[in-house]
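Engineer: Prediction below, plus the sequence it came from.
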Protein chains: 2
Amino acid sequence: MAVPVETLSSVKCFGGEQAVLRHASETTGTDMTFSVFVPDCATDQTMPVVWYLSGLTCTHANVTEKGEFRRACAELGLIFVAPDTSPRGEGVPDDPDGAYDFGLGAGFYVDATQEPFAKNYRMWSYITQELPEIIGDCFPADMMRQSIMGHSMGGHGALTIGLRHPDRFKAVSAFAPIAAPSQVPWGHKALGGYLGEDRAAWRQHDTVALIEDGARIADLLVDQGEADNFLEDQLKPHLLAEACEKAGIALTLRMQPGYDHSYYFISTFMEDHLRWHAERLAAG
Amino acid sequence: MAVPVETLSSVKCFGGEQAVLRHASETTGTDMTFSVFVPDCATDQTMPVVWYLSGLTCTHANVTEKGEFRRACAELGLIFVAPDTSPRGEGVPDDPDGAYDFGLGAGFYVDATQEPFAKNYRMWSYITQELPEIIGDCFPADMMRQSIMGHSMGGHGALTIGLRHPDRFKAVSAFAPIAAPSQVPWGHKALGGYLGEDRAAWRQHDTVALIEDGARIADLLVDQGEADNFLEDQLKPHLLAEACEKAGIALTLRMQPGYDHSYYFISTFMEDHLRWHAERLAAG
């Protein structure tokens, strides 16, 4: 390995290996923990990589324990990577009031420019640059075939990262994403706190604004629970639908009656997303 | 409802409802919490009931969050019930040293006869009498079609309860069960502590002894990880295999290379078990 990565645990599951790993990140200046599922494969084989970005308050562990992705990943031959949602550790600044929607567990997949967050809160660069190098070095990963998905804040991350790297990611999808953070309270707080009050800087981290400004991908799969408590105030999928329609992006937006914002919702539709990714990764 | 049962949560998942419920148990003298997954069904329909008994240290929550049973239960039309592993609450006696393998989280599916445990630790009667009445009253359950499975201590519970109720349970299976508690340290401590040192009383709560004493079921599915840390000292599946062979019980014992004792192991083989149960519930 080119970088020292410590394996905290590695457990056989669905014929493959579910590992949790830790490394000293140059990007965030902290130790970072992430999980990787690698299906059983021949020693000379490589497999496509699906990135899963988690939501507010989560670590790598939530989806790893509750996401129910391994059966489909094993069948489809997909490596599944689940990073943490923020830097953590001694000296890492948090929300001054300890709120759940900013600071620890709430990195929002941006590189902060504002103090005291700019030093550690660099999740954009961590997810798009440092961690992919580790995945490519340490696992049987075909880095020419990557895709990205996420939930809530992680849906925001997956959509913005996917839109800004259309050649890297062959498929992009989300569960209940924060589609227009510039227009909702979670986004106002996070983008304001990390990037400052110049709203021009926010547009690079707002899916709807990116599409309005010309970013394009071919298609997009989004599932959204209709019983999701955050639907009206924070998620606003209709804004995404309008932007995609104007831009000619083929959005499949599935409103799911009775489903909430939890991993019970995500696990129900995880297989659909993985099959959708696998088709596009095979075609790419 | 004939009994007051409080719904603590109910969430849509795989088209059905995953609920967590609580009631004041007459059997244990405590509040008891359990979870039930009910697939989507017509209002006049009833479905078979699969009981899942959990292992040491667990509550209903472990399998509910990590068991990955809902997709198959939804497909197969199976209600899935996950009880707690012991009484809990103020005044409930625990292991004097606070050990994980006795007392809270370790009821061992017996009715204790020894003080101070006899009042509350009545998991055998709770699982075989009180909770089935609640399930029959509160859910669209076909109580003529029940089956039972469990993990580790819960595998012990499923096997002993299944063997002693061969007409009630159409299928019995286990993940890494404590197959011969009279012959292993976990069992010595639990059966001695709850039932006293008269080993004759233990035989009613020891799968191998029950089979030796004449208990019979047609067949049995057991999965056991070969990398399970408890395999040699506590689980001893070869004793079960020997007893089944002598008794003419068709045991399918699958030794799974590389798998440990965790829910990563259980979730991998859960679907196999549910399909095995569904076949027998349909035939019954």
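Structural biologist: Nice, thanks for sending it over.
Engineer: Tell me where the model's unsure across chain A.
Structural biologist: Applying pLDDT under 70 to chain A picks out residues A:1-3, A:284.
Engineer: Contact residues of it facing chain B?
Structural biologist: With CB under 8 Å from any CB of the partner chain as the criterion, chain A meets chain B at residues A:11-15, A:18, A:65-66, A:68, A:70-71, A:225, A:227, A:258-260, A:262-265, A:267-268, A:271. The C-beta positions use only the backbone N, C-alpha and C, and glycine is treated the same way.
Engineer: Let's see the longest helix along chain A as CSV, backbone CA atoms only.
Structural biologist: When chain A is parsed with DSSP state H, its longest helix is helix A:263-283. The C-alpha coordinates for helix A:263-283 follow below in CSV (Å, rounded to 0.1, in the frame of the first residue of the first chain):
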residue,chain,number,x,y,z
TYR,A,263,-32.6,3.3,6.9
TYR,A,264,-35.9,1.3,6.8
PHE,A,265,-36.6,3.4,3.7
ILE,A,266,-33.1,3.3,2.3
SER,A,267,-32.7,-0.5,2.8
THR,A,268,-36.0,-1.1,1.0
PHE,A,269,-34.8,0.6,-2.2
MET,A,270,-31.0,0.0,-2.0
GLU,A,271,-31.2,-3.0,-4.3
ASP,A,272,-33.0,-0.9,-7.0
HIS,A,273,-30.3,1.7,-6.8
LEU,A,274,-27.5,-0.8,-7.0
ARG,A,275,-29.0,-2.5,-10.0
TRP,A,276,-29.4,0.9,-11.7
HIS,A,277,-25.7,1.7,-10.9
ALA,A,278,-24.6,-1.8,-12.1
GLU,A,279,-26.3,-1.4,-15.5
ARG,A,280,-24.6,2.0,-16.1
LEU,A,281,-21.2,0.8,-14.8
ALA,A,282,-21.4,-2.2,-17.2
ALA,A,283,-22.4,0.1,-20.1
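Engineer: quick one: contacts for residue A:46?
Structural biologist: Neighbouring residues of residue A:46 by CB atoms under 8 Å, 6 or more residues apart in numbering or on different chains: A:140-142.
Engineer: In the longest helix of chain A, which residues are buried?
Structural biologist: Neighbour-count burial for helix A:263-283, with 16 or more other CB atoms under 10 Å in any protein chain shown as criterion, is recorded at A:263-271, A:273-274, A:276-278, A:280-281.
Engineer: circling back to that earlier point, ok, of the contacts of residue A:46, which come out buried?
Structural biologist: Using 16+ other CB under 10 Å as the burial test, the contacts of residue A:46 include A:140-142 as buried.
Engineer: tell me which of the residues you listed is nearest to chain B?
Structural biologist: Taking CB to the nearest CB as the measure, chain B lies nearest residue A:140 of the buried ones among the contacts of residue A:46, at 17.4 Å.
Engineer: if we can go back for a sec, the buried ones among the contacts of residue A:46 into JSON lines, with extra columns for secondary structure?
Structural biologist: Shown next, in JSON lines, are the buried ones among the contacts of residue A:46 (DSSP: H, G, I helix; E, B strand; the rest coil):
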{"residue": "A:140", "secondary structure": "coil"}
{"residue": "A:141", "secondary structure": "strand"}
{"residue": "A:142", "secondary structure": "strand"}
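Engineer: follow-up on the earlier one: and the buried ones among the residues of chain A next to chain B, selectable in PyMOL?
Structural biologist: Of the residues of chain A next to chain B, the buried ones can be selected in PyMOL as follows, counting by 16+ other CB under 10 Å:
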select buried, chain A and resi 11+12+13+14+15+18+65+66+68+70+71+225+259+260+262+263+264+265+267+268+271
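Engineer: Next one: residue A:189 from residue A:108, what distance?
Structural biologist: 9 Å (CB to CB, to the nearest Å).
Engineer: Of these two, which one has the most company?
Structural biologist: Just comparing residue A:189 and residue A:108: by other CB atoms under 10 Å in any protein chain shown the higher neighbour count belongs to residue A:108, 29 against 17.
Engineer: That one: what secondary structure?
Structural biologist: Going by three-state DSSP: residue A:108 is coil.
Engineer: Centre of the chain to stretch A:202-216, how far?
Structural biologist: Centroid separation for stretch A:202-216 versus its chain: 17 Å, with CA atoms, centre = their mean, to the nearest Å.
Engineer: distance between the ends of it?
Structural biologist: Distance across stretch A:202-216, first residue to last, is 18 Å (CA to CA, to the nearest Å).
Engineer: again with stretch A:60-74
Structural biologist: The first and last residues of stretch A:60-74 sit 19 Å apart, counting by CA to CA.
Engineer: who's in contact with it?
Structural biologist: A:13-16, A:18, A:20, A:33-35, A:37, A:39-40, A:50, A:52, A:54, A:78-80, A:82-84, A:151, A:263, A:266-267, A:270-271, A:274-275, B:65-66, B:68, B:71, B:263, B:267-268, B:271.
Engineer: Quick one: distance of it to the chain centre.
Structural biologist: Mean C-alpha position of stretch A:60-74 versus that of the full chain (CA atoms, centre = their mean) differs by 14 Å.
Engineer: Give the buried residues for the helix or strand containing residue A:72.
Structural biologist: Using DSSP states H and E, residue A:72 maps to helix A:70-76. For helix A:70-76, burial by neighbour count (16+ other CB under 10 Å) applies to A:70-74, A:76.
Engineer: Other residues contacting the helix or strand just after it?
Structural biologist: Downstream of helix A:70-76, the first helix or strand assigned by DSSP H and E is strand A:79-83. Here strand A:79-83 makes contact (CB under 8 Å, 6+ apart) with A:32, A:34-39, A:47-54, A:60, A:63-64, A:67, A:69-70, A:73, A:126-127, A:131, A:135, A:139-141.
Engineer: Narrow the residues you listed to those in helices?
Structural biologist: Counting by DSSP H, the contacts of strand A:79-83 contribute A:60, A:63-64, A:70, A:73, A:131, A:135 to helices.
Engineer: ok, so of those, who is nearest residue A:185?
Structural biologist: Of all the ones in helices among the contacts of strand A:79-83, residue A:185 sits closest to residue A:63, with 24.5 Å by CB to CB.
Engineer: Apart from its chain neighbours, what residue comes closest to the closest one?
Structural biologist: The shortest distance from residue A:63 to any non-neighbouring residue, by CB to CB, 6 or more residues apart in numbering or on different chains, is to residue A:82 (5.0 Å).
Engineer: Can you report how many residues lie near that neighbour?
Structural biologist: Residue A:82 has 28 neighbours, counted by other CB under 10 Å.
Engineer: separation between it and residue B:146?
Structural biologist: To residue B:146, residue A:82 is 37 Å away according to CB to CB.
Engineer: tell me the angle the helix or strand hosting residue A:158 makes with strand A:79-83.
Structural biologist: Secondary structure from DSSP H and E places residue A:158 in helix A:153-164. Put simply, helix A:153-164 runs at 120 degrees to strand A:79-83, going by axes from the mean of the first three to the mean of the last three CA atoms, to 10 degrees.
Engineer: Buried ones in stretch A:84-91, by neighbour count?
Structural biologist: By neighbour count on 16+ other CB under 10 Å, the buried set for stretch A:84-91 is A:84-88.
Engineer: Checking residue A:172 next. Helix, strand or coil?
Structural biologist: Classified using three-state DSSP, residue A:172 is strand.
Engineer: I figured it hits residue A:159, correct?
Structural biologist: Yes. Taking contacts as CB atoms under 8 Å, residue A:172 lies within contact range of residue A:159: 6.4 Å.
Engineer: Mind listing the shared neighbours of those two?
Structural biologist: Contacts common to residue A:172 and residue A:159, judged by CB under 8 Å, 6+ apart, are residue A:220.
Engineer: Spatially central residue in chain A, please.
Structural biologist: Nearest to the geometric centre of chain A sits residue A:53, at 2.1 Å (CA atoms, centre = their mean).
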